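**Student:** kindly generate the corresponding structure for this input.
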Amino acid sequence: MNHTPTHHRVEENSSGQFHNKVSYLDPFFWGYVMSKTFGGRIAEIIGPRECISLSLLVCGMLLCLAPWAAYISPYALAAIQLTLGLCEGPVFPAIYSLLSRWASQKQKATTFILATSGTAIGCIGSMAGSGIVIEVLGWHWVFWGGGLLSFALLPAWLLFVRNSPDDHPLMSDHEKNILEANCHVIRPRNAPWGRLLRCWRLHAVIFTEFVFCWITNLCFMEAPTFLSNKIGFGLLEASWVLGIAQAVKLVAGIIVGWASDFIAKKEILSQVNSRRLFHILATLCVCICLLMLSQVGCASTEAATLMVLLTASLTLGSGSYVLAPFDMAPNYS
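**Tutor:** Below you'll find the predicted structure:
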């Protein structure tokens, strides 16, 4: 689920001529960071299905209200974005909690990649389509379209998703037997915060998540500005480059997930060494792409190619730190 369109400008007044530039992305990320940890705990208590359902409903309403908030005041729009961040923060922790019961032990990486592929698909749509929507319908429909899509997805989510295989009316006995190894994953009554804070492995995962999320959001939020101001791309050109980058990332993620599970299934490497391998590859590829981007100058073809490669390289982390919560503590994903 992706409800953060790239930078837009709101330009209008009573005579249609005043210029009011609103930068509203910061409040979203503050809200996202604030709610992610306790939001995950809420998902464990009320259930991940219910948590994501509430997020879809509230985010859909907020997105529909965002254009009117932009006309009222920049602070009103900032408040909308802060609330959006608060509502979206629990989503990924809830997905972890859900997949800890649904992902086969031998297909964890592939299942996670496929389950979160909607993020990449949403990015493809927003990156490649936002420019066209703005040109044809106006910037309001970037928000209204996202809100309407949230409302449309909610009934399907409630119909087909359950918190546990045992609760799903369409599960066969054979399918339940495949997921029998996940029966030990239960909703914890209390979270061992003290033990979690003293776990140095968890600190390493947090630091890695911080670094990769920083780079991911840098690519997602600042790439349009970089391609426009530094390279000289137009809005539509930049949108298509970033849309292609997200499409390549989606395909690369599926390949990485399959490769990670294949290595584990064939026992080519131990689980720990497999995670290390993908982490090393991700770090090296991302660093090389960033260094080359800093030296590319105004060469448009080279810059576009490196942006695609950088975005695809980030998905290598799907075979390493992304799976750490499943490996370390599935009950507290």
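**Student:** could you use CA atoms for every contact and neighbour count after this?
**Tutor:** Fine.
**Student:** return the backbone torsion pair for Gly47.
**Tutor:** Per-residue torsions, Gly47: phi 110, psi 140 (degrees, to the nearest 10).
**Student:** look up the closest residue to it, ignoring the ones flanking it.
**Tutor:** Once flanking residues are discounted, Gly47 sits nearest to Asn163: 6.5 Å by CA to CA, 6 or more residues apart in numbering.
**Student:** need the three-state assignment for that neighbour.
**Tutor:** coil (DSSP: H, G, I helix; E, B strand; the rest coil).
**Student:** enumerate every residue touching it.
**Tutor:** Gly47, Pro48, Arg49, Leu98, Arg101 (CA atoms under 8 Å, 6 or more residues apart in numbering).
**Student:** which residues does the closest residue in space to Thr315 that isn't next to it in sequence contact?
**Tutor:** Closest residue to Thr315 apart from its sequence neighbours, by CA to CA, 6+ apart: Gly253 at 5.4 Å. Applying CA under 8 Å, 6+ apart to Gly253 gives the contacts Ile113, Ala312, Thr315, Leu316, Ser318.
**Student:** which of those sit farthest apart?
**Tutor:** Checking those against each other with CA to CA, the farthest-apart pair comes out as Ile113 and Ala312, at 13.2 Å.
**Student:** okay, those two: which has more neighbours?
**Tutor:** Using other CA atoms under 10 Å, the more surrounded residue of Ile113 and Ala312 is Ile113, with 25 against 22.
**Student:** part of a helix, is Leu269?
**Tutor:** No: counting by three-state DSSP, one finds Leu269 to be coil, located in no helix.
**Student:** against Ala259, how distant is it?
**Tutor:** According to CA to CA, to the nearest Å, Leu269 stands 12 Å off from Ala259.
**Student:** and for Phe212?
**Tutor:** For Phe212 relative to Ala259 (CA to CA), the value is 20 Å.
**Student:** of the contacts of Gly253, which belong to helices?
**Tutor:** Those of the contacts of Gly253 mapping onto helices are Ile113, Ala312, per DSSP state H.
**Student:** give me the distance between the residue nearest to the spatial centre of the chain and Ala69.
**Tutor:** Geometric centre of the chain, nearest residue: Thr119, 5.1 Å, by CA atoms, centre = their mean. With distances taken as CA to CA, Thr119 is found 26 Å from Ala69.
**Student:** which of the contacts of Asn163 fall in helices?
**Tutor:** Counting by DSSP H, the part of the contacts of Asn163 found in helices is Pro48, Arg49, Leu98, Arg101.
**Student:** redo these as a markdown table? Include distance to Ala156, pLDDT and neighbour count.
**Tutor:** Output for those, formatted as a markdown table (distance: CA to CA, whole Å; pLDDT from 0 to 100; neighbours: other CA atoms under 10 Å):
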| residue | distance to Ala156 | pLDDT | neighbour count |
| --- | --- | --- | --- |
| Pro48 | 15 | 89 | 29 |
| Arg49 | 12 | 92 | 21 |
| Leu98 | 16 | 86 | 22 |
| Arg101 | 20 | 82 | 23 |
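**Student:** shaky segments in the stretch 201-333 of the chain?
**Tutor:** The stretch 201-333 of the chain contains residues with pLDDT under 70 at 330-333.
**Student:** returning to that earlier point: mind listing the shared neighbours of Leu269 and Ala259?
**Tutor:** Common contacts of Leu269 and Ala259 (CA under 8 Å, 6+ apart): none found.
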